[in-house]
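Engineer: Sequence and predicted model, in that order:
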Amino acid sequence: MSNTIRKVKTSDLELKDRLVSIQRVTKVTKGGRTFSFSAIVVVGNEDGIAGHGLGKANEVTTAIAKGIEDAKKNLIKIPIVNGTIPHEQIAKYGGAKVFIKPASYGTGVKAGGAMRAVLESVGVKNVLAKSKGSSNPHNLVKATFAALLELRDAFAVAQHRGISMYKVFNG
């Protein structure tokens, strides 16, 4: 099932950025090696809005700044219910597979590395997450966002089916 991407305006948002990964890349020319940096950044307001971006530059700080600007252009809205996600979800991007599952109050964010940065930026407080396959941070971030984009809350389900919220829960 493919959802439409829920774009968000960047004005009036208090966004926090998290650096997921920074890498030094090398371009070999006949004059020698040229080093530059690539940075993956996740930004979010910790209340259901987040985005990710990639920045590349000759200096670390410039690469991070470019990544933040790119992330601000790709913000999406994620449904959060009582500090967790509405239902479990599986997604794949490249070789990275992710599984996210709602958790009860007090569990915390049980996720590793790149997934943790994404889930904390979104504002999920209690969730269980597992990554399988590739641990490439680029693909993990994109797979996590793909899983979060597939999430639907009860209101969206009712609207999609054309029925009331009462009928969604009571048949």
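Structural biologist: In hand now; what should we look at?
Engineer: in stretch 95-113, what counts as buried?
Structural biologist: 96, 97, 98, 99, 100, 102, 103, 109, 111 (16 or more other CB atoms under 10 Å). Glycine gets a C-beta too; all of them are placed from N, C-alpha and C.
Engineer: what are the C-alpha coordinates of it, in CSV please?
Structural biologist: Output of stretch 95-113 as CSV, limited to C-alpha atoms (Å, rounded to 0.1, in the frame of the first residue of the first chain):
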residue,chain,number,x,y,z
GLY,A,95,19.7,-4.2,1.8
ALA,A,96,18.4,-2.7,5.0
LYS,A,97,15.2,-4.2,6.6
VAL,A,98,13.6,-2.6,9.6
PHE,A,99,10.8,-3.8,12.0
ILE,A,100,9.2,-1.3,14.4
LYS,A,101,6.6,-2.3,17.0
PRO,A,102,4.6,-0.2,19.5
ALA,A,103,5.7,-0.6,23.2
SER,A,104,4.0,0.2,26.5
TYR,A,105,4.7,3.2,28.6
GLY,A,106,8.1,3.2,30.2
THR,A,107,9.8,0.9,27.7
GLY,A,108,11.8,3.7,26.0
VAL,A,109,13.3,3.6,22.6
LYS,A,110,14.8,0.2,22.1
ALA,A,111,16.6,0.7,18.8
GLY,A,112,20.1,0.9,17.5
GLY,A,113,22.2,3.7,15.9
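Engineer: Now do it: everything it contacts.
Structural biologist: The contact list for stretch 95-113, computed with CB atoms under 8 Å, 6 or more residues apart in numbering, reads 20, 81-92, 115-116, 119-120, 124-137, 139-140, 142-144, 147-148.
Engineer: Mind doing that once more with 6 Å?
Structural biologist: 84-85, 88-91, 116, 119-120, 126-134, 139-140, 143-144, 147 (CB atoms under 6 Å, 6 or more residues apart in numbering).
Engineer: Just the buried ones out of the residues you listed, please.
Structural biologist: Buried, going by 16+ other CB under 10 Å: 84-85, 89, 91, 116, 119-120, 126-129, 131, 134, 139-140, 143-144, 147, out of the contacts of stretch 95-113.
Engineer: Out of the residues you listed, list just those in helices.
Structural biologist: Those of the buried ones among the contacts of stretch 95-113 mapping onto helices are 116, 119, 120, 139, 140, 143, 144, 147, per DSSP state H.
Engineer: Mind picking the two most distant members of these?
Structural biologist: The largest separation in these, counting by CB to CB, is between 120 and 139 at 19.0 Å.
Engineer: hey, C-alpha coordinates of stretch 60-75 in PDB?
Structural biologist: Extracted in PDB, the C-alpha atoms of stretch 60-75 (Å, rounded to 0.1, in the frame of the first residue of the first chain):
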ATOM      1  CA  VAL A  60      32.800  18.700   8.200                       C
ATOM      2  CA  THR A  61      30.800  21.700   9.400                       C
ATOM      3  CA  THR A  62      29.800  22.700   5.900                       C
ATOM      4  CA  ALA A  63      28.700  19.100   5.100                       C
ATOM      5  CA  ILE A  64      26.600  19.000   8.300                       C
ATOM      6  CA  ALA A  65      25.000  22.400   7.500                       C
ATOM      7  CA  LYS A  66      24.100  21.200   4.000                       C
ATOM      8  CA  GLY A  67      22.600  18.000   5.400                       C
ATOM      9  CA  ILE A  68      20.500  20.000   7.800                       C
ATOM     10  CA  GLU A  69      19.200  22.300   5.000                       C
ATOM     11  CA  ASP A  70      18.400  19.200   2.900                       C
ATOM     12  CA  ALA A  71      16.600  17.600   5.800                       C
ATOM     13  CA  LYS A  72      14.400  20.700   6.300                       C
ATOM     14  CA  LYS A  73      13.300  20.400   2.700                       C
ATOM     15  CA  ASN A  74      12.100  16.800   3.300                       C
ATOM     16  CA  LEU A  75       9.900  17.000   6.400                       C
END
